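Q: fold the following.
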Amino acid sequence: MSNYNVNYRHNPIEPPEPEQNPQNDSDKPEARDIMESSPALRWLDNFWYHNKWTVIVVTFFVAVAIICLVQMVNRPRYDTSVCLASTYRMNKEERAEFEKLLTRICPEDFNGNGEKLVNLVEYQIYSEEEFESEADRYEAMTDENGNPDQFQINRKFNSDEYKNFSNFTMTGETSVYILSPYLYGILRDADRLKPLSEVYTNGDLPTGALPDGFGIALKDTDFYKYNPAAQIYPENAILCLHKPTISGRSKNEARYAEDMAFFKAIADFEVQE
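A: Reported below is the predicted structural model:
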């Protein structure tokens, strides 16, 4: 018997070749090709390259201008205003009721927009004596655990409020003021207040007129006596009228006359018993 040597040849299995994409990569349009084929895109690319910072800056200022314009259009148009400055600051509810009272008192729709609206500007300011007195009062108070209560304001806040108030009085945007005796004295001594004799030229001064001839004791007015919304304010407050300034609303004679009419509406408010 013959011996046969059988050799089996093993061929390795080759992995299938990936399908060829029928579209050659070289056929895909590149961004540069698109840019070169479009004059408009070439112009935009060139314009942005040379002017991008100008565009960014101009866009910023245009956006700011639009925002300011929208705010001006939507800002309330007030007929007149009053500034309150004392040791007391109204809460939200008290302020809303006081604004309603002022709107009722305002003698007319000065700007003719169909509604009366009075702007209320408010500051909380202590004299040194008032500050120390308030600090002592809070120190004597205790919370529910018997611990001393903390004073609610600090000297920096008080100083900042006074500076803001002082700057505001020079803007001329408000002529009618209701002030603490401390702040009233500062404006009076600086010759900033209009004498009542120049407001009531017939010599018939309103009830509550102070001996110095510049202010009216708020507590003596019917405005205060018969309006709970006003009685939340300190009874030692003084109603007064600022002199016209060289800038702002009060430099306009017609506007100042409107503010004076509003001042007299508060001072002359009368309830017939």
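Q: any idea how far Pro244 is from Pro195?
A: Counting by C-beta to C-beta, to the nearest Å, the gap from Pro244 to Pro195 is 13 Å. Any C-beta I mention is one placed from the backbone N, CA and C, and that applies to glycine too.
Q: the more surrounded of these two?
A: Comparing Pro244 with Pro195 by other C-beta atoms under 10 Å, the one with more neighbours is Pro244, at 19 against 12.
Q: my guess is that one contacts Lys251, does it?
A: Yes - using C-beta atoms under 8 Å, Pro244 makes contact with Lys251 at a distance of 6.0 Å.
Q: return every residue with contacts to both of those two.
A: Gly172 (C-beta atoms under 8 Å, 6 or more residues apart in numbering).
Q: ok, Glu130 - contacts?
A: Counting by C-beta under 8 Å, 6+ apart, the residues that Glu130 touches are 87, 180, 182.
Q: and it, what helix or strand is that in?
A: Taking DSSP states H and E as the criterion, Glu130 maps to helix 128-140.
Q: now swap in Leu205 and tell me
A: With DSSP H and E as the test, Leu205 turns up in no helix or strand.
Q: swap in Glu258?
A: Taking DSSP H and E as the definition, Glu258 sits inside helix 253-267.
Q: just the buried positions in that helix, please.
A: Residues 255-256, 258-260, 262-267 are the ones in helix 253-267 that count as buried (16 or more other C-beta atoms under 10 Å).
Q: ok, so of the residues you listed, who is nearest Glu122?
A: Closest approach to Glu122 among the buried residues of helix 253-267 (C-beta to C-beta): Ile266, at 15.9 Å.
Q: what are the phi and psi angles of the nearest residue to that closest one once chain neighbours are set aside?
A: Sequence neighbours aside, Phe223 is the residue nearest to Ile266 in space, at 5.1 Å (criterion: C-beta to C-beta, 6 or more residues apart in numbering). For Phe223, the backbone dihedrals (degrees, to the nearest 10) come out as phi -60, psi -40.
Q: tell me who's in contact with Phe223.
A: For Phe223, counting by C-beta under 8 Å, 6+ apart, the contacting residues are 105, 230, 266-267, 269.
Q: nearest to Pro206, of these?
A: Ala267 (4.5 Å).
Q: list the contacts for the closest one?
A: 206, 208, 216, 221, 223, 239 are the contacts of Ala267 under C-beta under 8 Å, 6+ apart.
Q: how about 6 Å then?
A: Each residue near Ala267 by C-beta atoms under 6 Å, 6 or more residues apart in numbering is listed here: 206, 216.
Q: from Tyr126, how far off is it?
A: From Ala267 to Tyr126 the distance is 26 Å (C-beta to C-beta).
Q: need the nearest residue in space to the most centrally placed residue in the chain, chain neighbours excluded.
A: Nearest to the mean C-alpha position of the chain, by C-alpha atoms, centre = their mean, lies Val121 at 10.0 Å. Nearest residue to Val121, sequence neighbours excluded (C-beta to C-beta, 6+ apart): Cys83, at 4.5 Å.
Q: so which strand or helix has the one you found?
A: Going by DSSP H and E, Cys83 is part of strand 80-86.
Q: can you check Asn119 too?
A: Using DSSP H and E, Asn119 falls in strand 118-124.
Q: isn't Tyr224 right next to Tyr233, touching?
A: No - with contact defined as C-beta atoms under 6 Å, Tyr224 does not count as touching Tyr233 (7.9 Å).
Q: of the two, which one has the most company?
A: Using other C-beta under 10 Å as the criterion, Tyr224 and Tyr233 rank with Tyr224 on top: 23 against 19.
Q: mind listing the strands for this protein?
A: 80-86, 118-124, 176-179, 215-217, 238-241 (DSSP state E).
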